[in-house]
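Engineer: below are the sequence and a predicted model for it; my questions follow.
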Amino acid sequence: MKPNIHRCERKMREVYDKLEGLLKTLGFKKNELRIYLLLLEKKAPMRITEIKEELGISERSVREHVLNLYRRGVLKRELIQRGWLGYVYSAVSPPELLAKLRENVIKKINEIEKELKNDNI
């Protein structure tokens, strides 16, 4: 049984590595990748301060990167109230992320093609 578990973990690591490479080519920053992979591996929503402590980067930097990732559809957020009001963030699944990336790339390609046709280039 253990060999199957290790094989599955190894396969998942390979997928994460390929996904990380793809995100790098699309211009994601190093700390954005670290945040996404952390949330993906934790499989549980985290607050900004928890991400900061886990990765050892400034809270300001974490806030900036998390907001960028959220706007790009890489992270989901949930408003919670536990004696305080705030957001927790979680990673979208790799299949969701790939679908979103594909959609965005195709949209941009279509926009460029339309401009080229309009300009008769």
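Structural biologist: Noted; the coordinates are in hand.
Engineer: could you pull up the contacting residues of the residue nearest the centre of the chain?
Structural biologist: Nearest to the geometric centre of the chain sits V74, at 3.7 Å (CA atoms, centre = their mean). Counting by CB atoms under 8 Å, 6 or more residues apart in numbering, V74 touches 32, 36, 91-92, 97, 100. (C-beta placed from N, C-alpha, C; glycine too.)
Engineer: and what of K52?
Structural biologist: Contacts of K52 (CB under 8 Å, 6+ apart): 58-59, 62.
Engineer: show the model's pLDDT score for the residue nearest to the centre of the chain.
Structural biologist: Note on V74: pLDDT of 92.
Engineer: quick one: it from E50, how far?
Structural biologist: 18 Å (CB to CB, to the nearest Å).
Engineer: show me what counts as buried in stretch 86-95.
Structural biologist: For stretch 86-95, the neighbour count (16 or more other CB atoms under 10 Å) marks 87-92 as buried.
Engineer: swap in stretch 73-87?
Structural biologist: Buried-residue list, stretch 73-87, by 16+ other CB under 10 Å: 74-76, 87.
Engineer: before we move on, what about stretch 97-107?
Structural biologist: 97, 101.
Engineer: relative to the whole chain's centre, how far out is stretch 101-118?
Structural biologist: How far stretch 101-118 lies from its chain's middle: 22 Å, per CA atoms, centre = their mean, to the nearest Å.
Engineer: what's the burial count for I5?
Structural biologist: A count of nearby residues for I5, using other CB atoms under 10 Å, gives 9.
Engineer: now the one 4 residues further on
Structural biologist: For E9, the number of neighbouring residues by other CB under 10 Å comes to 10.
Engineer: I'd like the numbering to begin with 7 instead of 1 from here.
Structural biologist: Sure, I'll start numbering at 7, so the last one becomes E15.
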